[in-house]
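Colleague: sequence unavailable; structure follows:
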């Protein structure tokens, strides 16, 4: 997704939050950790690397929700398609992971993808394609 003209950007959490996410979003619910942290599964990232970092919800977050927001992306068109691929792990039956789109002219967030109740204890990947004629956040 284009925010400064770069066509493809990889985002990981090895040194900090990745460039695509707002710093202020990392409220206390989100923990940047790896598989060696002693916090239980997952014990590695999606590549099986136990020292690679990912974001995890803290265990106190059983009943509430937590949000991650991207920076502002530019409108999409035929040349600038936005595809976001992300890896996720759901470790509770009750959890729901949703991806929403907020266009700059709108106050509401439109859900564009979600998964819930899949206690798989394994990493999965998903790719979403976004079309927006105005600036937006995910």
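Modeller: Now that the structure is in, tell me what you want to look at. These numbers come from a predicted model, not from an experiment.
Colleague: break this protein into its domains for me.
Modeller: 12-68, 72-137 (the TED database).
Colleague: what is the end-to-end distance of the longest one?
Modeller: Across its full length, domain 72-137 reaches 5 Å between end residues, using Cα to Cα, to the nearest Å.
Colleague: next: stretch 120-138.
Modeller: Start-to-end span of stretch 120-138 (Cα to Cα) is 25 Å.
Colleague: need the contact partners of it.
Modeller: 1, 41-42, 45-46, 69-76, 81-91, 99-105, 112-113, 115 (Cβ atoms under 8 Å, 6 or more residues apart in numbering). All C-beta atoms are positioned from the backbone trio N, CA, C, and that covers glycine.
Colleague: so where's the protein shaky on pLDDT?
Modeller: For the chain, the stretches with pLDDT under 70 are 2-7, 22-28, 60-63, 92-94, 118-119.
Colleague: can you pull out the strands in it?
Modeller: 30-33, 54-57, 82-88, 96-103, 110-116, 124-130, 136-137 (DSSP state E).
Colleague: no further questions, thank you.
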